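Engineer: Can you look at this prediction? I've put the sequence above it.
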Amino acid sequence: MKKRLAVAFTGPSNSGKTTLILKVARKLIHEHALDVAIIKNDPKDKAQFDVPGKDSYKFSDTGAEVIVTSPTRTTYFSQRHKELDELVALFGDFDVLLVEGLKNLPLPRISIFRGTIDTDYFPYMNALAIDESIDTSHYSIPEGIDILDLNNPDQTIEWILTHAKVMQ
């Protein structure tokens, strides 16, 4: 069985979370030849995954758990909240799981900020990914928090491969 690693990314809207995750995922897949899984939290329930009128929308609209399969993909629509272990089980085999959001999950966490740091995130982070828009001398960053360059996905990957949680 593969060694399955998991890490989470958190930060305010428009901080660069999705951009960093995309860069990291692409490099892990194409340069490191690893299988990557991604979970994105949608706390405001804004995401739309299907188009009204299509069969999959009609099925999902009933409240049922729905899987749509085709020769090139499988899509799962659920009407229930899933815990992390349930979500991980849906993915099956992967090398690295990247989670966006869900700051209360027991995963090593990289918090992402541009412009200003929200110190309320300090208790939830293991690393801080920032760019030149932040002067760290204005903050009392807790000891043990690694500082990463938001624009250096290779540095973030190195941190992930060293600090991510091994999943069962």
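Structural biologist: All right, it came through fine.

Engineer: Mind naming the longest helix for this protein?
Structural biologist: Within the chain, and with DSSP state H defining each element, the longest helix by residue count is helix 17-30.

Engineer: With just CA atoms, put it into CSV.
Structural biologist: Provided in CSV are the C-alpha atoms of helix 17-30 (Å, rounded to 0.1, in the frame of the first residue of the first chain):
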residue,chain,number,x,y,z
LYS,A,17,-5.0,29.2,-1.4
THR,A,18,-6.5,27.8,-4.6
THR,A,19,-3.6,29.1,-6.7
LEU,A,20,-1.0,27.5,-4.5
ILE,A,21,-2.9,24.2,-4.3
LEU,A,22,-3.1,24.1,-8.1
LYS,A,23,0.7,24.8,-8.5
VAL,A,24,1.5,22.2,-5.9
ALA,A,25,-0.9,19.6,-7.3
ARG,A,26,0.4,20.0,-10.9
LYS,A,27,4.1,19.7,-9.8
LEU,A,28,3.3,16.6,-7.6
ILE,A,29,1.6,15.0,-10.5
HIS,A,30,3.8,15.9,-13.4
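
Engineer: what does it contact?
Structural biologist: Defining contact as CB atoms under 8 Å, 6 or more residues apart in numbering, one finds that helix 17-30 is touched by 9-11, 34-36, 38, 40, 95-96, 98, 100-101, 110, 112, 129, 150, 153-154, 156-157, 160. Using the backbone N, CA and C atoms, a C-beta is placed for each residue, glycine as well.

Engineer: and if you look at stretch 76-83?
Structural biologist: By CB under 8 Å, 6+ apart, the residues outside stretch 76-83 that reach it are 49-50, 56, 59-60, 63-68, 90.

Engineer: Let me have those residues in a markdown table, extended by secondary structure and pLDDT.
Structural biologist: Rendered in a markdown table, the data for the contacts of stretch 76-83 read as follows (DSSP: H, G, I helix; E, B strand; the rest coil; pLDDT from 0 to 100):
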| residue | secondary structure | pLDDT |
| --- | --- | --- |
| 49 | coil | 64 |
| 50 | coil | 66 |
| 56 | helix | 76 |
| 59 | helix | 79 |
| 60 | helix | 80 |
| 63 | coil | 75 |
| 64 | coil | 75 |
| 65 | coil | 75 |
| 66 | strand | 80 |
| 67 | strand | 78 |
| 68 | strand | 80 |
| 90 | helix | 82 |
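
Engineer: now, the most widely separated pair of those residues?
Structural biologist: 63 and 90 (18.8 Å; CB to CB).

Engineer: Which residues in the longest helix of the chain does the neighbour count mark as buried?
Structural biologist: By neighbour count on 16 or more other CB atoms under 10 Å, the buried set for helix 17-30 is 17, 20-21, 23-25, 27-28.
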